[in-house]
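*Asks:* Sequence first, then the predicted structure:
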Amino acid sequence: MDLFNNIILILDATLRVSTPLIFAALAGMFSERSGVVNIALEGKILASAFAGAAAAYITNSPWMGLLAGVFVSVMFAMLHGFATVTHRGDQVVSGMAINILAAGLTASLGNFWFHQGGNTPNLVDSLNGIDARFEPIVFPFAKALEDVPVIGGLYSELLSGHFLLVYLALLAVPASWFLLFRTRFGLRLRAVGENPTAVDTAGISVVRMRYMALIICGVLAGLAGVYLSVAVTAQFLPNMSAGKGYMALAALIFGKWRPRGALLACLMFGVLQAIADRSQGAMIGAFEIPVQFIEALPYILTVVLLGGFIGTAVAPKAVGKPYVKERE
Amino acid sequence: MTAQTDVAVQMAIELRGIDKRFGAVHANKNIDLKVEKGTIHGIVGENGAGKSTLMSIIYGFYEADKGEILIDEKVTKISDSKVAIASGIGMVHQHFMLIQNFTALENVILGAESGMMLNVSMEKARKELTRLASEYGLDVPLDVPVEQLSVGMQQRIEILKALYRGARILILDEPTGVLTPQEAEHLFKVLAALKEQGNTVIIITHKLQEIMAVTDNVSIMRRGEMVGHVKTAETNREQLAELMVGRKVLLRVNKTEAKPAGTLLKVNNLSWTDSAGVLRLDNVNFNVRAGEIVGIAGVSGNGQSELLELLSGIKNIQHGSIEVSGKTLDENHQLTPSEVRDIGVAHIPEDRHKMGLVNSFAADEAFILGYHRNDVYNAKLLMDQAAIKNDCAEKMEKWDVRPQDPKLKTANFSGGNQQKLVIAREMEQSPDVLLVGQPTRGVDIGAIESIHNRIIEMRDAGKAVLLVSVELEEIMSLADRILVMFDGKIVGEVPTDVANEQILGLMMANIVPDEVKALQKEAHS
């Protein structure tokens, strides 16, 4: 029973840790499937986390935080689009610039507005009447079933009691799949990342398709950021994205640019993280495993797995290449 | 050429004074063109004559700076491809506009979907394509990713794409460049069927033979200008070539009987497998003697490139051996490309951009690539820039490379002059064995003539020449013996006096005709 409870707790944590990765990986998928490399995921997550927390605090509403976070993330995506689609700039350089911009801007604006060393004030502060954090969603009868063996663990602990955004992330996966592989929009989006010239000659605007992909990318990355600050931490902390954008990119490649693959990769990263979190102070015989090692484990595994075990992942053919009409 | 019949001839397309510049390049100068409805109309011209630009303007890919386009005798402003498609124009590009990992069905509906949901579009397209397939002989597997299909099949998908969008005017840009003769034959049947149904076809090509075979009318372009319109029945290849180039051109190469001497290059049981585990060369055997040209024909991608790269030392020998200049090379005795060069083997690579030149180098730098260690180019410590420049200038003069400027960037020469630069570099080292890959790919007719003559000169000087080309005409006019490759194997050998397009075409599809079998038996007994 103890083992069962442990597993439930790890899986529960996995969902929580994976959620921003899932949003970000799907965000990257839309962008890269349209042919735009997006290492700016990291910056978008950070910017939306900040905007979300700041707006939620000022308006005292998590929903306004959500709107603000998504809006800012979409604006950053448009900036990326303006540089790389409209002006055909280098996508990696633009992405990197956005990451640096987001890291600097969030910290300094945070300090300027709230004077707490870059942090935003806590979103749950009963003294000042602030309660702008997302509440977990408790399923019906979850409380009643809590102590029933097995069912209680599965239902009340694992399935119930997460933030709305967790469920939304899980729904976003099949929704993205449907959009990409079952609709006209998806067909055109995949085509534009493979052979933009062909799309152009078919009478479809390459620029328009790429901007649409970037808007979707911005919305999803924004949700990832808002989840971190408005739901989990209830506060913005400088650099709180902590490489999640890059992890999501790795998951995207792991998952071979497909929604299900990306989901599985994100869950795997999540499980590793959850195990690491719960294993602090674990012993092998008389030897205590250093915390640092356990914390590094997910990243080490990422490198090893990316290096050797997933086989060749074929990227969209036109990814990273600005589209220029050629002449003879 | 004016049609003065009683029945008014309807024009499918009429261009009036089309003009287009790209920066300093004047690609189309005041072009007039009339294409009659229900005909096959050829447009010929050398590379860079402006044919593709003109067609791209009709298809809305570029916008003309000046001029008018009339479709079905109505002035139409074609601002983008959408308008062109809506006006009934379809285009089959030289480089296919297909998404390689999409199926034929997905490729056909892309941009012509019938609603938000794909399954509806797919079902509708499947029905329509089945009908088109039977009507015009355009059968293709609909549910296989196109990357797994042959080039001929992919081209059919391109035609289907256009027809599915309701094209009544079909433009084909260099349609036979990548096809086997049999596939080309089938394409011409499809075009004839299209014409039969009242459609109009425009073919852009530089192959005069095709023009003579399938078109009703021909327009000739030269340096951005339209220089003539003729009825196909009233012209001939010589006249067309003269119009294209602006001077008389010798289409047949003049050469004497070969006088082969001892063997200089011998290939024994050569096999080679690529990193994906695909057998690219399968037990290849042949020899080349001094004073002869051995041609290797075949559709590209059947092992010719690998063969050239093994012979020139670029790829490592895995199995079998190569005897050259008194040395035997095998998997235990390999030479690097520069060592191969040192023992008297020169290589004119198939793709001058990827392997022959560095586009951003000045001509004289590109001219010494591979031979840059030669004493003449080096002073004590540094390279001898003056010597390099002078040598290049001298060779440019001798080989008629234009413009004669050793400091001009390689990229700024025309394809023919770039190729001459590579050929001059390799031939000037007077090698014993000359490996030549696609010597005239993307080269103008005028330059082709001189390149061909140079290759014959090498042969007559007693060199062994191995010529790999996908142009059957080139192989037949230059080679003394012809080997045909298919799927990494040598299908058979044909003496040039026996060879014709029919025989070689069959062999390129791995079918050995009886007359060749008989010859081979004779040779063995």
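*Replies:* That came through, no problem.
*Asks:* Give me the distance between the lowest-mean-pLDDT helix or strand in chain B and the centre of its chain.
*Replies:* Across the helices and strands of chain B, mean pLDDT, DSSP states H and E gives its lowest value to helix B:514-524, namely a mean of 79. Its chain's C-alpha centre and that of helix B:514-524 lie 31 Å apart, by C-alpha atoms, centre = their mean, to the nearest Å.
*Asks:* Who are the packing partners of it?
*Replies:* In this structure, helix B:514-524 packs against strand B:489-495, helix B:501-508, with contacts taken as 3 or more C-beta pairs under 8 Å, 6 or more residues apart in numbering or on different chains; DSSP states H and E. C-beta coordinates here come from the backbone N, C-alpha and C atoms, glycine included.
*Asks:* Out of those, the one nearest residue B:159 is which?
*Replies:* helix B:501-508 (21.0 Å; C-beta to C-beta).
*Asks:* circling back to that earlier point, for the helices and strands packed on helix B:514-524, which has the smallest mean pLDDT value?
*Replies:* Among those, helix B:501-508 has the lowest mean pLDDT, at a mean of 85.
*Asks:* Give me the phi and psi for the nearest residue to residue A:41 once chain neighbours are set aside.
*Replies:* Of all residues not flanking residue A:41 in the chain, residue A:245 sits nearest, at 3.5 Å (C-beta to C-beta, 6 or more residues apart in numbering or on different chains). As for residue A:245, its main-chain torsions (degrees, to the nearest 10) stand at phi -60, psi -40.
*Asks:* Residue A:245 contacts residue A:49, doesn't it?
*Replies:* No. Using C-beta atoms under 8 Å, residue A:245 is not in contact with residue A:49; the gap is 11.1 Å.
*Asks:* Roughly how far does residue B:122 sit from chain A?
*Replies:* 10 Å (C-beta to the nearest C-beta, to the nearest Å).
*Asks:* Can you read off the backbone torsions of the residue nearest to that residue when sequence neighbours are not counted?
*Replies:* Once flanking residues are discounted, residue B:122 sits nearest to residue B:105: 5.7 Å by C-beta to C-beta, 6+ apart. In terms of degrees, to the nearest 10, the main-chain angles of residue B:105 are phi -60, psi -50.
*Asks:* Tell me who's in contact with residue B:325.
*Replies:* Residues near residue B:325 by C-beta atoms under 8 Å, 6 or more residues apart in numbering or on different chains: B:264, B:343-345, B:432-433.
*Asks:* now for those, which pair is the farthest apart?
*Replies:* B:264 and B:343 (10.9 Å).
*Asks:* so what's in contact with these two at the same time?
*Replies:* Contacts common to residue B:264 and residue B:343, judged by C-beta under 8 Å, 6+ apart, are B:324-325.
*Asks:* Neighbour count: these two, which is higher?
*Replies:* residue B:264 (27 against 16; other C-beta atoms under 10 Å in any protein chain shown).
*Asks:* quick check, the more buried one in a helix?
*Replies:* No. Going by DSSP: H, G, I helix; E, B strand; the rest coil, the assignment for residue B:264 is strand, not a helix.
*Asks:* How about it: what's its closest non-neighbour residue?
*Replies:* residue B:464 (3.8 Å).
*Asks:* and what of residue B:125?
*Replies:* That would be residue B:109: by C-beta to C-beta, 6+ apart, it lies 4.9 Å from residue B:125.
*Asks:* wait, isn't that neighbour in contact with residue A:188?
*Replies:* No. Applying C-beta under 8 Å, one finds residue B:109 not in contact with residue A:188, separated by 10.2 Å.
*Asks:* Compare neighbour counts for these two and give me the winner.
*Replies:* Taking other C-beta under 10 Å, residue B:109 and residue A:188 do not tie; residue B:109 has more neighbours (27 against 22).
*Asks:* Using the centroid of chain B, identify the residue furthest from it.
*Replies:* residue B:380 (44.2 Å; C-alpha atoms, centre = their mean).
*Asks:* Does that one belong to a helix, a strand or coil?
*Replies:* Assigned with three-state DSSP, residue B:380 falls in the coil class.
*Asks:* Start from the N-terminal end of the stretch 101-250 of chain A and give the helices.
*Replies:* A:142-145, A:151, A:164-182, A:184-194, A:196-201, A:206-226, A:244-254 (DSSP state H, counting those that start in this stretch).
*Asks:* Using a markdown table, lay out those together with distance to residue A:126 and mean pLDDT.
*Replies:* A markdown table is the format used below for the helices of the stretch 101-250 of chain A (distance: least, C-beta to C-beta, whole Å; pLDDT from 0 to 100):
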| stretch | distance to residue A:126 | mean pLDDT |
| --- | --- | --- |
| helix A:142-145 | 23 | 78 |
| helix A:151 | 34 | 78 |
| helix A:164-182 | 22 | 95 |
| helix A:184-194 | 46 | 95 |
| helix A:196-201 | 54 | 90 |
| helix A:206-226 | 22 | 96 |
| helix A:244-254 | 30 | 90 |
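*Asks:* closest to residue A:37 out of those helices?
*Replies:* Comparing the helices of the stretch 101-250 of chain A by C-beta to C-beta, helix A:244-254 comes nearest, at 9.1 Å.
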